[in-house]
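K.L.:
Take this sequence and fold it.
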Amino acid sequence: MILLAFAAALAGPPEASPQPDLSDDRVRLATQLDVLDALVDNGMAEQAMAMVAEMHKQGADDPRIDVAQGRAMHQRGLDHDAERALEAAVKRAPRSGDAWSALGVLQADLGKLPAAEASLSKAVKFEPKNPDIQNNYGFVLLAVGKPELAIPAFQAALAADPSSTRARNNLGFAYVRLDRYDEALEMFRAASAEPDARYNFGVACEQHGDRAAALTSYQAAVTAQPGHALAVVALSRLLKEGSP
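P.N.:
Next up, the predicted model:
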C-alpha cells in the first residue's frame, strides 16, 4: 500500500484532456460530425436527424452530414428519402468510401443487389482497409452468387481486423458455397466455440442445399452442447421434414 501511494505521488495529478477549439469553424464541424456519427452508430436516429436539422440551420454544409442523415433515415425506415440523401452525398464526394458504403448497404436492403455491388465496389476502391466495408462488399457478392469473389473481400476484412468473428463466419459461408467444407468448418471454429461453430456450419450447409451435411452438423452441435436451443430447433425441423 505504501509503495502504491508513493508511485501515485510521483505520477502527480492526471493531466486534463485538451479541449477542442470550437471557435475554429473546421474544428467545430469535425467535432459535430464525430457526435453525429456516434448517434447514428448507436441507433439514435431521432437525435441524429434533429442534430442534422440544427447543423443545417446553422449553415453547416458537408457531404458527411448527408451520409449521416441518410443512414439515420434508413434506420427510421425512410428508405426513399435516405436513398436520395446518399445519392446526393456520392455526387458531392465521389471519392468517399463511407458515402458509397452507406449507399450500397441501403441498396442491398432494398433488394437492389447489382446497384449495391457497384456501390460497395467503389467504397472498397477508396477504403480497401476498412473491415466493415470489405465485409459488406463480400456479403453482397455472396448474395449475387459470386462466392469466389466474396472470399478475398472477407479475407481483406479479416486482415484489417483479425478479431472480427463476423469476417470469419462470413468466410465460412463463402467456403461452403464452393464446397470447401474443411476450410469452412475451420473458420467457424475460429469464430466461436464448438457448439456454435457446428450450428453455423449446419446453417451454411442447409442454405447450400446439402441437407445431409446440415443434419449431421446440427446433431454434432447438440452432442457438444445438449440443449443448444438453435441447433435443437433446426434439428427437429429437419427430422420432421424428412419424416413420411
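
K.L.:
Leaving out sequence neighbours, find the closest residue to Asp66.
P.N.:
Nearest residue to Asp66 in three dimensions, chain neighbours excluded: Ala89, at 3.8 Å (CB to CB, 6 or more residues apart in numbering). Using the backbone N, CA and C atoms, a C-beta is placed for each residue, glycine as well.

K.L.:
Please, which helix or strand holds the one you found?
P.N.:
In this assignment (DSSP states H and E), Ala89 forms part of helix 79-92.

K.L.:
Okay, buried residues for the helix or strand just after that helix please.
P.N.:
Using DSSP H and E, the helix or strand that follows helix 79-92 in sequence is helix 97-109. Buried positions in helix 97-109, judged by neighbour count with 16 or more other CB atoms under 10 Å: Gly97, Asp98, Ala99, Trp100, Ser101, Ala102, Leu103, Gly104, Val105, Leu106, Gln107, Ala108.

K.L.:
Skipping adjacent residues, who's closest to the fifth one in space?
P.N.:
What that stands for is Ser101. Closest residue to Ser101 apart from its sequence neighbours, by CB to CB, 6+ apart: Ala123 at 3.9 Å.

K.L.:
The one you found against Asn135, yeah?
P.N.:
No. With contacts counted by CB atoms under 8 Å, Ala123 stays clear of Asn135, the gap being 11.3 Å.

K.L.:
re earlier: can you get me a residue count around the residue nearest to Asp66?
P.N.:
Look at Ala89: counted by other CB atoms under 10 Å, it has 26 neighbours.

K.L.:
Please enumerate the strands of this protein.
P.N.:
In the chain, no strands are defined using DSSP state E.

K.L.:
Look up how far Val124 lies from the residue nearest in space to the middle of the chain.
P.N.:
Closest to where the C-alpha atoms of the chain average out (CA atoms, centre = their mean) is Asp132, at 4.9 Å. Distance check for Asp132 against Val124: by CB to CB, to the nearest Å, it reads 11 Å.

K.L.:
picking that back up, return the residues in contact with the residue nearest to Ser101.
P.N.:
Residues in contact with Ala123 (CB atoms under 8 Å, 6 or more residues apart in numbering) are Gly97, Asp98, Ala99, Trp100, Ser101, Gly104, Asn130, Ile133, Asn136, Tyr137.

K.L.:
For it, report the pLDDT, please.
P.N.:
Looking at Ala123, its pLDDT reads 97.

K.L.:
and if you look at Asp62?
P.N.:
Looking at Asp62, its pLDDT reads 86.

K.L.:
Look at the nearest residue to it once chain neighbours are set aside and say how many residues are nearby.
P.N.:
Of all residues beyond its chain neighbours, the one nearest Asp62 is Leu29 (6.4 Å), with distances taken as CB to CB, 6+ apart. Look at Leu29: counted by other CB under 10 Å, it has 18 neighbours.
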